[in-house]
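>>> Provided below are the primary sequence and the corresponding predicted coordinates.
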Amino acid sequence: MILILKTGSALASISSIYGDFEDWIIEKMQLIETEFYIHSTENYETLPPEQLYSGIVITGSPLMVNDIKLKESNLCNWLLNQQKSGTPILGICFGHQLLAVINGGSVGYNNTGTIIGSAKTHLTLEGQQDRLLGGLPPAFDVYKSHQQSIHKLPESAEILAVNNSGIIDAVRFNANSWGLQFHPEFDFEITTLYIQEKSDALSADGFDVQALLQNVVTVDYGNRILKRFKEISINNISS
């Protein structure tokens with residue numbers, strides 16, 4: 001069973017139509033009801049039911065990692081123990097940053113400000129050989145919506161992908177633990193709606209909203225990444 005740690009919710013105007021982060025993950029992983037369990041992490045203290053999980057996915061969140069005392073929380077200590085035991089873990093956006101912090105790295109606001117819409121990411125040589133991302137093109141489009149990113153990488157981590165300005169887009173924290181700054185669970189419609197819903201704030205920050213909307217492209221690599229993580233999780237539990 002794959003555990004989905006729900007760290008936050010999508011914008012209400014979007015989730016009311018398309019569902020929430022966990023719904024998009026479940027759909028793209030093609031999980032049936034008996035293959036997943038959702039645990040909400042509202043206070044980072046309550047732990048999921050004790051059982052053997054084949055894999056763990058940490059969702060995105062509108063919260064900022066720096067606003068939460070992650071290292072002091074029961075859940076993050078539990079996550080570190082899961083990581084040490086070899087359970088496959090995938091952190092998405094906020095989840096990616098959370099894994100960086102609890103492993104000894106740091107997170108801060110992007111030097112370039114908000115990043116939203118479609119953007120190109122580039123695999124490093126390590127990324128091209130990685131179990132999760134290997135086999136994807138050396139450069140490909142992803143969906144993004146974030147204001148913060150990793151500033152200091154944990155010592156044990158390997159960079160797997162970066163964007164055009166050098167922001168870390170993908171990390172392997174250990175043999176079975178990954179973080180993605182982008183959103184493999186998003187699609188064209190959801191990304192477009194995010195830009196539209198945030199258009200006033202984006203315009204105030206100097207963005208050309210129409211250009212952002214026109215630059216959104218259809219991306220299918222999210223499906224491949226999430227399905228690949230499912231395969232890694234299944235193989236881990238059966239080995």
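Perfect, I can see it now.
>>> who touches stretch 24-44?
Here stretch 24-44 makes contact (Cβ atoms under 8 Å, 6 or more residues apart in numbering) with 1-7, 18-19, 22, 46, 48-49, 53, 57, 59, 68, 70, 73-76, 92, 184-187, 190, 222-223, 226-227, 229-230. Where you see a C-beta, it was placed from the backbone N, CA and C, and this is true even at glycine.
>>> from these, which ones fall inside strands?
Using DSSP state E, the subset of the contacts of stretch 24-44 located in strands is 2-6, 57, 92.
>>> If any of the contacts of stretch 24-44 are buried, put those into a ChimeraX selection.
Buried subset of the contacts of stretch 24-44, written as a ChimeraX selection, criterion 16 or more other Cβ atoms under 10 Å:
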select :2,3,4,5,6,7,18,22,48,53,57,59,68,70,73,75,76,92,184,185,186,187,190,222,223,226,229,230
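>>> Distance to Asn110 and pLDDT for the ones in strands among the contacts of stretch 24-44 - can I get that in CSV?
Conversion of these to CSV gives the following (distance: Cβ to Cβ, whole Å; pLDDT from 0 to 100):
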residue, distance to Asn110, pLDDT
Ile2, 30, 96
Leu3, 29, 97
Ile4, 26, 97
Leu5, 24, 95
Lys6, 24, 95
Val57, 24, 98
Ile92, 17, 98
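>>> For the residue most central in space within the chain, name its beta-bridge partners.
Centroid check for the chain by Cα atoms, centre = their mean gives Ile92 as the closest residue, at 0.9 Å. Assessed by DSSP bridges, Ile92 has beta-bridge partners Leu180.
>>> Does it touch Trp178 like I think?
No. Ile92 lies out of contact with Trp178 (Cβ atoms under 8 Å); the separation is 9.6 Å.
>>> Mind putting the ones in strands among the contacts of stretch 24-44 into a markdown table with distance to His146?
Below are the ones in strands among the contacts of stretch 24-44 laid out as a markdown table (distance: Cβ to Cβ, whole Å):
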| residue | distance to His146 |
| --- | --- |
| Ile2 | 24 |
| Leu3 | 23 |
| Ile4 | 20 |
| Leu5 | 18 |
| Lys6 | 18 |
| Val57 | 17 |
| Ile92 | 10 |
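>>> quick one: which of these is nearest Ala12?
Distances from Ala12 to the ones in strands among the contacts of stretch 24-44, taken as Cβ to Cβ, are shortest for Lys6 (15.0 Å).
>>> In contact with that closest one, which residues?
By Cβ under 8 Å, 6+ apart, Lys6 lies in contact with 20-22, 38-41, 59.
>>> just the buried members of the residues you listed?
Using 16+ other Cβ under 10 Å, the buried ones in those are 20-22, 38, 41, 59.
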